[in-house]
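Peer 1: what would the 3D arrangement of this be:
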Amino acid sequence: MNVFAFDIETVPDVATGRRLLEVDDLPDAEVAELMFQQQRRRTGGTSDFLPLAQHRIVAIAACLHSGEQFRVWSLGEPEADEAELIGRFFDGIERLRPTIVSWNGAGFDLPVLHYRALLHGISAPCYWDTGELHASHRYNNYLGRFHWRHLDLMDVLAGYQPRGGAKLEDVALMLGLPGKLGMSGGAVWPAWQAGERERIRNYCEIDVLNTFLIYLRFELMRGRLTAEGYGQSSRQILDMLTTAEPAHLRAFAERWRAAGGCGLD
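Peer 2: Numbers count the residues shown, from 1 in each chain. Predicted coordinates for the structure are as follows:
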């Protein structure tokens with residue numbers, strides 16, 4: 001079985017912001033600030049988190065577990081544009097038909113991917129199939145909230161109750177995982193403005209690693225992994241990260257091992 005965990009990072013879609021606000025002559029930073037101000041007015045000052053259709057995707061990170069193979073990476077090269085990133089994401093689903101795993105993917109990542117794929121005209125027949133192409137998708141597809149082809153860990157662990165939701169960071173730390181390693185989602189827009197694409201991609205990879213390792217623990221809890229199988233998979237990933245070339249993956253492994261390896265002996 002192919003398991004594909006994913007995470008996205010976004011910045012304000014200032015091109016749409018210019019149209020909505022009718023401010024063609026302002027630089028990106030000022031347009032984004034106007035978008036944030038408008039959202040604060042909408043929410044009575046409680047939040048400047050933009051509506052999902054006003055986000056632009058700048059990074060997509062993935063963990064792919066297939067048989068004995070495990071890989072973590074960011075889709076596309078650092079200079080790849082949004083359309084290429086989204087195209088690669090849906091092409092992977094088209095080819096592999098994996099189980100996809102996310103943290104709040106149903107509430108954020110996938111709706112944003114939908115809007116941006118709509119913008120770029122990206123075709124994804126397998127993803128949207130509810131039984132017309134593959135009979136098995138009728139009862140287990142990527143769109144059904146209570147189906148398992150897309151496993152939104154936050155939604156499932158909350159019992160599908162909004163008040164039960166938890167932050168990825170909190171659950172990761174609860175399990176002895178490293179968490180976010182010093183960067184948060186609020187730092188993505190400033191990092192993007194500073195041209196720090198690699199830093200954003202690294203941050204996204206750390207998030208998806210935490211997500212996948214929580215998924216392993218979930219598989220243990222629901223009986224699809226034995227304690228021995230869970231330990232073996234965790235050790236395999238820890239060993240791989242320990243010798244990985246990118247420094248941020250080695251840093252993740254060091255902190256994970258120092259915390260006990262998520263329950264490893």
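
Peer 1: how about the helices in the stretch 1-150 of the chain?
Peer 2: In the stretch 1-150 of the chain, the segments counted as helices under DSSP state H, counting those that start in this stretch are 14-21, 28-42, 82-96, 110-120, 125-128.

Peer 1: let me see the mean pLDDT of the third one.
Peer 2: This points to helix 82-96. For helix 82-96, mean pLDDT is 97.

Peer 1: over to the first one?
Peer 2: Mean pLDDT, taken over the full extent of helix 14-21, equals 98.

Peer 1: tell me what that helix is packed against?
Peer 2: When contacts are defined as 3 or more Cβ pairs under 8 Å, 6 or more residues apart in numbering; DSSP states H and E, helix 14-21 packs onto helix 28-42. (Glycine included, C-beta is placed from N, CA and C.)

Peer 1: do you know which of the helices of the stretch 1-150 of the chain lies nearest Ser233?
Peer 2: The closest of the helices of the stretch 1-150 of the chain to Ser233 is helix 82-96. By Cβ to Cβ, the value is 18.8 Å.

Peer 1: which residues touch the closest one?
Peer 2: By Cβ atoms under 8 Å, 6 or more residues apart in numbering, the residues outside helix 82-96 that reach it are 2, 4, 6, 56-60, 62, 64, 66, 75-76, 98, 100, 113, 116-117, 120, 122-127, 142.

Peer 1: run the chain-centre distance for it.
Peer 2: With Cα atoms, centre = their mean, to the nearest Å as the basis, helix 82-96 stands 14 Å off its chain's centre.

Peer 1: got it, and stretch 179-197?
Peer 2: The answer for stretch 179-197 is 15 Å, by Cα atoms, centre = their mean.

Peer 1: kindly report the same for stretch 194-207.
Peer 2: That offset, for stretch 194-207, works out to 12 Å (Cα atoms, centre = their mean).

Peer 1: list the buried residues for that stretch?
Peer 2: For stretch 194-207, burial by neighbour count (16 or more other Cβ atoms under 10 Å) applies to Arg197, Arg199, Ile200, Arg201, Asn202, Tyr203, Cys204, Glu205, Ile206, Asp207.

Peer 1: please save the CA atoms from it in CSV.
Peer 2: Extracted in CSV, the C-alpha atoms of stretch 194-207 (Å, rounded to 0.1, in the frame of the first residue of the first chain):
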residue,chain,number,x,y,z
ALA,A,194,12.8,37.8,2.2
GLY,A,195,13.3,35.3,-0.6
GLU,A,196,13.8,32.4,1.9
ARG,A,197,12.2,29.7,-0.2
GLU,A,198,14.4,26.9,1.0
ARG,A,199,13.7,27.8,4.6
ILE,A,200,9.9,27.5,3.9
ARG,A,201,10.4,24.2,2.1
ASN,A,202,12.4,22.8,5.1
TYR,A,203,9.7,23.9,7.5
CYS,A,204,7.1,22.2,5.4
GLU,A,205,9.1,19.0,5.4
ILE,A,206,9.4,19.1,9.2
ASP,A,207,5.6,19.5,9.5
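
Peer 1: are any of the contacts of helix 82-96 buried, and if so which?
Peer 2: The neighbour-count criterion (16+ other Cβ under 10 Å) marks 2, 4, 6, 56-60, 62, 64, 75-76, 98, 100, 113, 116-117, 122, 124, 126-127, 142 among the contacts of helix 82-96 as buried.

Peer 1: how about the secondary structure of the nearest residue to Pro178 once chain neighbours are set aside?
Peer 2: Setting aside the residues directly before and after it, Pro178 is nearest to Arg255 in space (Cβ to Cβ, 6 or more residues apart in numbering), at 4.0 Å. Look at Arg255: counting by DSSP: H, G, I helix; E, B strand; the rest coil, its state is helix.

Peer 1: what's the neighbour count on Arg255?
Peer 2: Neighbour count of Arg255, defined by other Cβ atoms under 10 Å: 14.

Peer 1: what's the pLDDT at it?
Peer 2: 94.

Peer 1: apart from its neighbours in sequence, what residue is nearest Gly105?
Peer 2: For Gly105, the spatially nearest residue (Cβ to Cβ, 6+ apart) is Asp152, at 4.9 Å.

Peer 1: how much space between the one you found and Gly76?
Peer 2: From Asp152 across to Gly76, the span is 24 Å (Cβ to Cβ, to the nearest Å).
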